[in-house]
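Student: quick one, structure for this:
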Amino acid sequence: MDIFLLALNRAALPLLALLLAAMCLLWLGRHKGQHPPEAWLRNSVNGDLLRLPYFENAIGRHPRCDMVLDYGTVSRHHAVIARRGSAWVVIDTGSRVGTKRNGAEVSGSQTLANGDIVTFGAFECIFCDPAEALAQTELEAELFRSQTRTIKEEGEGWA
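Tutor: Presented below is the predicted three-dimensional model:
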């Protein structure tokens, strides 16, 4: 009986390890190339672009924050800007001065749109989402093209 269990362990454990390794490789294969989406905050005062490099970006005065804002009115752990599905949200993490989106206090999480003004204490910046800006530009271009076609069609009878 002991020999049987020993033989079973010697065969089962390597097979289990191979199965686990294969599952990990399959998961990595499916999720390769999945990079964090690009978004930025533009400093309202000097125009500097501050990149949001992760799916969740901690913002505050503390050196361990992803985006360090060295302002007296910014708390050590002031807020988080995170990607939720296809949208970006801002979450105040109990800062003493508060976080505002377009002048309104943030409570809970609020969805950000391209061009929103976000204020952390006295630091004001503009949220820039290139994907949303590109979609808006494409929409405006399509609207322009459709208006141009209408004008051309109406103008064909003139001469």
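
Student: find the helix or strand that residue 124 is a member of.
Tutor: strand 123-128 (DSSP states H and E).

Student: list the strands paired with that strand, with their directions.
Tutor: strand 40-43 (antiparallel), strand 117-120 (antiparallel) (DSSP bridges).

Student: what sits up against that strand?
Tutor: Contact with strand 123-128 is made by 39-45, 49-50, 69, 71, 73-74, 81, 88, 112-119, as judged by CB atoms under 8 Å, 6 or more residues apart in numbering. C-beta here means a position set from N, CA and C on the backbone, and glycine is covered the same way.

Student: same thing but 7 Å
Tutor: For strand 123-128, contacts defined as CB atoms under 7 Å, 6 or more residues apart in numbering pick out 39-44, 69, 71, 74, 112, 114-118.

Student: helices of the chain, start to end?
Tutor: Remark: helices assigned in the chain by DSSP state H are 2-31, 130-155.

Student: any idea of the mean pLDDT in the shortest one?
Tutor: Mean pLDDT, helix 130-155: 62.

Student: likewise the longest one?
Tutor: Confidence over helix 2-31 (mean pLDDT, whole number) is 78.

Student: what does stretch 94-104 give?
Tutor: 94.

Student: just stretch 64-74 next, same as before
Tutor: Rounded mean pLDDT across stretch 64-74 is 93.

Student: now residue 111, nearest residue through space, not along the chain?
Tutor: With CB to CB, 6 or more residues apart in numbering as the criterion, residue 111 has its nearest non-adjacent residue at 5.0 Å, and that residue is residue 87.

Student: beta partners of that neighbour?
Tutor: Residues in beta-bridge contact with residue 87 (DSSP bridges): residue 84.

Student: likewise residue 124?
Tutor: The partner residues for residue 124, given DSSP bridges, come to residue 119.

Student: tell me the pLDDT at it?
Tutor: Looking at residue 124, the pLDDT reads 95.

Student: that one: neighbour count?
Tutor: 15 (other CB atoms under 10 Å).

Student: and the gap between it and residue 20?
Tutor: With distances taken as CB to CB, to the nearest Å, residue 124 is found 50 Å from residue 20.

Student: repeat for residue 6
Tutor: Counting by CB to CB - residue 6 and residue 20 are separated by 22 Å.

Student: for residue 115, same thing?
Tutor: From residue 115 to residue 20 the distance is 47 Å (CB to CB).

Student: higher neighbour count, the two?
Tutor: residue 115 (14 against 10).

Student: once you drop chain neighbours, what's closest to the more buried one?
Tutor: Distances taken as CB to CB, 6+ apart place residue 126 nearest to residue 115, at 6.4 Å, with adjacent residues excluded.
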